[in-house]
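Asker: Generate a structure from the sequence data that follows.
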Amino acid sequence: MPDFPIRRTVRLIGVPTDINSSFLRGPAQGPAAIRKALSSDHANGTAEIGDAFGLDVSFNDVGDLPLKEDPTDDWLIIDAVEAAIAAGEMPFCLGGDHAITFPAAAAVAKAYGPLSILHFDAHPDIYEAFEGNLRSHASPFARIMEAGIARRLVQVGIRTLNPHQAAQARRFDVEIVRMADFAPDKVPVLDGPLYISFDLDGLDPSIVPGVSHHEPGGLTVREALAVLSRQTAPIAGADIVKLNPARDLHDMTATVAAKLVREIAALAARNAR
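Answerer: Numbering: from 1, shown residues only. Sure, this is the predicted structure:
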């Protein structure tokens, strides 16, 4: 694995697609809602570790990718992530549904070698193929593990592990921290290069109503931040997915998403020091 360079600038990449979603469409509107919350005057941009987004933590927002209703659009995601890395910036994708994680993580792994992935979600998203779709938002981690993109995958917040996905997890040696007996210190501190994938439905729907799949019994924001704050490895890339503005209430979910963007960006800056 090549040496991991220091990345102190975060590049925000909007990935407005939900063509691989099941049940409901809507996450394609997520990037715009996250940006609106990030720029809102309702609060300042200081992360809990003390660094301010846009001041201590520099960022470059390159806008949304020109995606169409076309499964071959993955190359646009790959090119955008590779361009961020080539410019010396940490790619942070704003989704979009969870299918975007496969091409985004693939591009990061191409640069740095196999990744440690920290995945927050209600669902393992490791179906061999969901409803016959190999690129379903319910299948990205099957594709990631098959391709050797991750040397270690840790999933946090899981509370919908059915027999098929349990078998898939055993097949790929996935480490699952289930909500049934969750505690922040049960989540390992991972080695770098680290990729963080945060599906907002990993949080409890009472906190984030604006997601397509409401799954009660999830993480609190405080629990998620406790897991993140323990991570010390260099962060090679990140994504936040599944915000569905059509289901949001008073921008609650978008506000949480924006906080997570700031906190993960500040963590990336801290871990690069």
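
Asker: CA atoms of the host helix or strand of W75 as CSV?
Answerer: If you go by DSSP states H and E, W75 is part of helix 74-86. What follows is helix 74-86, C-alpha atoms only, in CSV (Å, rounded to 0.1, in the frame of the first residue of the first chain):
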residue,chain,number,x,y,z
ASP,A,74,-20.6,5.4,-12.3
TRP,A,75,-17.6,6.6,-14.4
LEU,A,76,-18.6,10.2,-13.5
ILE,A,77,-18.4,9.4,-9.8
ILE,A,78,-15.1,7.6,-10.2
ASP,A,79,-13.6,10.5,-12.2
ALA,A,80,-14.8,13.1,-9.7
VAL,A,81,-13.3,11.2,-6.8
GLU,A,82,-10.0,10.6,-8.6
ALA,A,83,-9.8,14.4,-9.5
ALA,A,84,-10.2,15.3,-5.8
ILE,A,85,-7.4,12.9,-4.8
ALA,A,86,-5.2,14.3,-7.6
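
Asker: Give me the buried positions along that helix.
Answerer: Neighbour-count burial for helix 74-86, with 16 or more other Cβ atoms under 10 Å as criterion, is recorded at 74, 76-78, 80-82, 84-85. The C-beta positions use only the backbone N, C-alpha and C, and glycine is treated the same way.

Asker: Would you convert the residues you listed into a markdown table that also reports distance to D121 and pLDDT?
Answerer: Formatted as a markdown table, the buried residues of helix 74-86 follow (distance: Cβ to Cβ, whole Å; pLDDT from 0 to 100):
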| residue | distance to D121 | pLDDT |
| --- | --- | --- |
| D74 | 21 | 92 |
| L76 | 24 | 95 |
| I77 | 19 | 96 |
| I78 | 22 | 97 |
| A80 | 23 | 98 |
| V81 | 20 | 98 |
| E82 | 25 | 98 |
| A84 | 24 | 97 |
| I85 | 25 | 96 |
